[in-house]
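Enquirer: Structure for the following, please:
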Amino acid sequence: MNWEKLFTMQKQLDTYIQQNHALVTSEIFDKKVLALLVEIGELANETRCFKFWSKKGPSEDTVILEEYVDGLHFILSLGIDLGFEPERVDIPNIQADTTELFHQVYQSIQVFKEKTNTETYQQLFGLFLRLGQVLGFSETAIMQAYIDKNETNFNRQDQNY
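Expert: As a prediction, the model looks like this:
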């Protein structure tokens, strides 16, 4: 995937948001981590992978993909804030069901929050990408959905979202 392009787009969005809201990067790290956790929860909710009590199936792929790229926005943003912009991300070949991967992503976010370094960021990013694979999303689909959502996020800022 063209990470340079996505990091550049995310930097532009982050700068725009920070200027519009007079934010200081160092003061919003914890808020971004919480936002990422919430987005992962919203993603899990749309997949319904944990809803053993329900016969209703998952949301449409487009809805799940949009939630997925919401999480990607925050992962990129956290990496940028901390100076982590990998040219490539190693995706672990974990053989686990979707529910277990969500648990691992949540755990990885907490580890990254407590021990913020390149290694924990790479682990988080790789696990998140593995989750995307298991959900059935191609790099092309993720890239296009990210571009589309990035544009939406700029428009929302212009509309005082």
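Enquirer: what about stretch 4-17, average pLDDT?
Expert: Average pLDDT, stretch 4-17: 91.
Enquirer: Go through it and flag the buried ones.
Expert: Within stretch 4-17, the residues scored as buried using 16 or more other Cβ atoms under 10 Å are 6-7, 9-10, 13-14, 17. In short, each C-beta sits where N, CA and C put it, glycine included.
Enquirer: got it, and stretch 115-130?
Expert: 120-130.
Enquirer: repeat for stretch 28-36
Expert: Neighbour-count burial for stretch 28-36 flags 28, 32-33, 35-36 (criterion: 16+ other Cβ under 10 Å).
Enquirer: ok, and what's touching it?
Expert: 71, 74-75, 77-78, 81, 109, 112-113 (Cβ atoms under 8 Å, 6 or more residues apart in numbering).
Enquirer: pLDDT of that stretch, averaged?
Expert: Taken as a whole, stretch 28-36 has an average pLDDT of 96.
Enquirer: now that stretch, how far from the centre of its chain.
Expert: 12 Å (Cα atoms, centre = their mean, to the nearest Å).
Enquirer: Then stretch 126-143?
Expert: Remark: stretch 126-143 is offset 11 Å from the chain centroid, using Cα atoms, centre = their mean.
Enquirer: With only the CA atoms kept, save that stretch in CSV.
Expert: Taking C-alpha atoms only, stretch 126-143 is exported to CSV below (Å, rounded to 0.1, in the frame of the first residue of the first chain):
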residue,chain,number,x,y,z
GLY,A,126,0.2,-4.7,11.6
LEU,A,127,-2.6,-6.3,13.6
PHE,A,128,-5.0,-3.7,12.4
LEU,A,129,-4.1,-4.5,8.8
ARG,A,130,-4.4,-8.2,9.5
LEU,A,131,-7.9,-7.5,10.8
GLY,A,132,-8.7,-5.8,7.5
GLN,A,133,-7.5,-8.9,5.6
VAL,A,134,-9.7,-11.2,7.7
LEU,A,135,-12.6,-8.9,7.1
GLY,A,136,-12.0,-9.4,3.4
PHE,A,137,-10.8,-5.9,2.4
SER,A,138,-8.2,-5.5,-0.4
GLU,A,139,-5.5,-2.8,-0.2
THR,A,140,-7.2,-1.1,-3.2
ALA,A,141,-10.6,-1.0,-1.4
ILE,A,142,-9.0,0.3,1.8
MET,A,143,-7.1,3.0,-0.1
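Enquirer: That concludes my questions; thank you for your assistance.
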